[in-house]
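> Task: produce atomic coordinates for the following.
(one chain, ligands or ions: 1)
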Amino acid sequence: MQIGFIGLGNMGGPMAANLAAAGHDVAGFDPAGVTAEGVTSAASAEDAARGVDVVITMLPNGDILRSVAAQIIPVMAKGAVFLDCSTVDVTSARDVAAQAQDAGLSALDAPVSGGTGGAAGGTLTFMVGGDEAGFATASPLFEIMGQKAVHCGPSGNGQAAKICNNMILGTTMIVTCEAFALADKLGLDRQAMFDVVSTSSGYSWSMNAYCPAPGVGPKSPADNDYTPGFAAELMLKDLALAQQAAEAVNADTPLGTAARALYAQFVEEEDGRGRDFSAMLPRLAARSRS
Ligand code: NAD
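Now for the predicted structure:
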C-alpha cells in the first residue's frame, strides 16, 4: 500500500519503519525534521497525504490532530483511510472522523497500548473505532505494527476503550503502591506481600506484571530506578482525558478523579515528571498520613 505517516516521534517513527520494512511504500512527515528508517521524507503533511491509500497520524493531542486533519482531509484521495493512532479526547476523535467521512474518506481512531517497546517490536494492541470497511483495509497494517486489534464500535470508541483501560491501570497502580507502603509500615515483607497478593484476589497487571517494588516480581521499571516504561506524565495525560470524557457524559468516576489529582500533584508539583508511573511507590512510602 501507499501510506502517508504524519508524526514520526517516539511511537510513530518505529511504527512507520515497521510498515516500510514490511514492503509498504511509506512517505513520512514531522515538523521536527525527524525521519524513520526506510521512510521517504515528505515536505509537508499535505505531501505525505496526497493520493495515498492510508494516512496514519501519531500526534501529541487532539488540537494538533484537528489542525493536521484540516490540512490533509482536502487532499486525500476519495475512499482512502484516515487512521489516527494518537491518544486524544473522544470529542476530537469523533469530530475529525465526521469531517473525514463528509469528505468521502474512511475514518478510524486506533489508539495503542504497548509503549515505545511495542512500537519498535511491532507488538502494539490497537483499540479501534470506526467503520467496518476501514477496519478491513487497515487490518494488515495492524498486523505489522501490532499483535492485536480490537474493533470497539463506531468512531471514538477506540479512544473510549483506551481511557477506560488506563483509568483502571492508573487507579490500580496507585492502590498497589499504597498497599506496599502500608505493608512496609506494618512490618510485612514486600516479597511475602507479592507472593500472597499475586496469587490472591488483589492480583492485577500492576502487581503481577509490572510490580512497583524493586527486586520483587518480574523485571519492571522499578528495577531500573523507575526509568520509564510508561512515564507518569503520560499516565496523567490519559487520566485527564478520562476525566474530560466523564465530564462530557456526566459519569461519576470518584477514583478516576482522585487518581488524576494524585498524578497531577506528582508530575506538576513534585518529582514525578520523567519517572515511571510506578514511582508512586517511593513517593507514598516516603510520606506519612497527614
Ligand atoms: P512524541 O512527542 O515523541 O511524537 C509526536 C510527534 O508529533 C513529534 O515528533 C512532533 O514533532 C510531531 N508533531 C507535532 N505537531 C505536529 C504537526 N502539526 N504535524 C505533524 N507532526 C507533528 O510522542 P509519542 O510518544 O510518539 O506519542 C504519540 C502519541 O501516542 C500520543 O498521543 C501519546 O499519548 C500516544 N502514546 C504514547 C505512548 C508512549 O509510550 N510514548 C504509548 C501509548 C500511546
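
> Look through the chain and state the residue closest to the ligand.
In the chain, the residue that lies nearest the ligand is residue 9 (1.8 Å; CB to the nearest ligand atom). All C-beta atoms are positioned from the backbone trio N, CA, C, and that covers glycine.

> I'd like the secondary structure assignment at that residue, please.
coil (DSSP: H, G, I helix; E, B strand; the rest coil).

> can I assume residue 278 is in contact with residue 229?
Yes - using CB atoms under 8 Å, residue 278 makes contact with residue 229 at a distance of 7.2 Å.

> Would you map the helices across this structure?
Along the chain, the stretches classed as helices by DSSP state H are 12-21, 45-49, 62-72, 90-102, 115-121, 132-145, 157-186, 190-197, 205-208, 232-249, 254-264, 280-285.

> Residue 34: which of those is closest?
With CB to CB as the measure, helix 12-21 is the member of these nearest residue 34 (6.3 Å).

> hey, C-alpha coordinates of that closest one in CSV?
Presented in CSV, the C-alpha positions along helix 12-21 are these (Å, rounded to 0.1, in the frame of the first residue of the first chain):
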residue,chain,number,x,y,z
GLY,A,12,5.3,7.0,15.1
GLY,A,13,8.9,6.6,14.0
PRO,A,14,9.3,2.9,14.7
MET,A,15,5.7,2.2,13.6
ALA,A,16,6.4,3.8,10.2
ALA,A,17,9.7,2.0,9.9
ASN,A,18,8.0,-1.4,10.6
LEU,A,19,5.5,-0.7,7.7
ALA,A,20,8.3,0.2,5.4
ALA,A,21,10.3,-2.9,6.4
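
> From the contact counts, what lies against that helix?
The contact analysis (3 or more CB pairs under 8 Å, 6 or more residues apart in numbering; DSSP states H and E) places helix 12-21 against strand 2-6, strand 25-29, strand 54-57, helix 115-121, helix 132-145.

> which residues touch the third one?
Contacts of strand 54-57 with the rest of the structure, by CB atoms under 8 Å, 6 or more residues apart in numbering, involve 1-7, 12, 15-16, 19, 48-49, 65, 68-69, 72, 76, 80-86, 137-138, 141.

> partners of it, with directions?
strand 2-6 (parallel), strand 81-84 (parallel) (DSSP bridges).

> Specify the angle between the longest one and helix 62-72 in degrees.
Relative orientation of strand 2-6 with respect to helix 62-72: 140 degrees, computed using axes from the mean of the first three to the mean of the last three CA atoms, to 10 degrees.

> buried residues in strand 2-6?
3, 4, 5, 6 (16 or more other CB atoms under 10 Å).
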